[in-house]
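**Student:** Sequence and predicted model, in that order:
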Amino acid sequence: MTRQDYIFKHAAEIVNQKARTAQTLQSQEARRLCIAAVAVFRNALFNIRSFATRTKQCKS
């Protein structure tokens with residue numbers, strides 16, 4: 001496992017943990033904000049991962 005894979009794996013674990021936290025929050029507003037933050041972070045993680053993959057392919 002490369003260092004980059006290790007970082008992405010742990011970032012994904014953090015996102016999943018926050019998603020579980022959002023499900024247990026009592027306040028609807030807090031739950032919505034947490035879910036929105038998780039969605040934004042997941043999207044950013046996907047975009048970074050896609051960019052890293054494309055960059056590797058270009059260098060080959």
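**Tutor:** Sure, I can see it. Numbers count the residues shown, from 1 in each chain.

**Student:** Would you mark the buried spots in stretch 12-28?
**Tutor:** Buried residues in stretch 12-28, counted by 16 or more other CB atoms under 10 Å: 15, 19, 22. Using the backbone N, CA and C atoms, a C-beta is placed for each residue, glycine as well.

**Student:** And the residue nearest the centre of the chain, how close does it get to residue 53?
**Tutor:** For the chain, the residue nearest the mean C-alpha position is residue 42 (3.4 Å; CA atoms, centre = their mean). Going from residue 42 to residue 53 by CB to CB, to the nearest Å gives 16 Å.

**Student:** which stretches of the protein have low pLDDT?
**Tutor:** 1, 56-60 (pLDDT under 70).

**Student:** which stretches of it form helices?
**Tutor:** Ranges of helices in the chain, per DSSP state H, are 3-24, 28-59.
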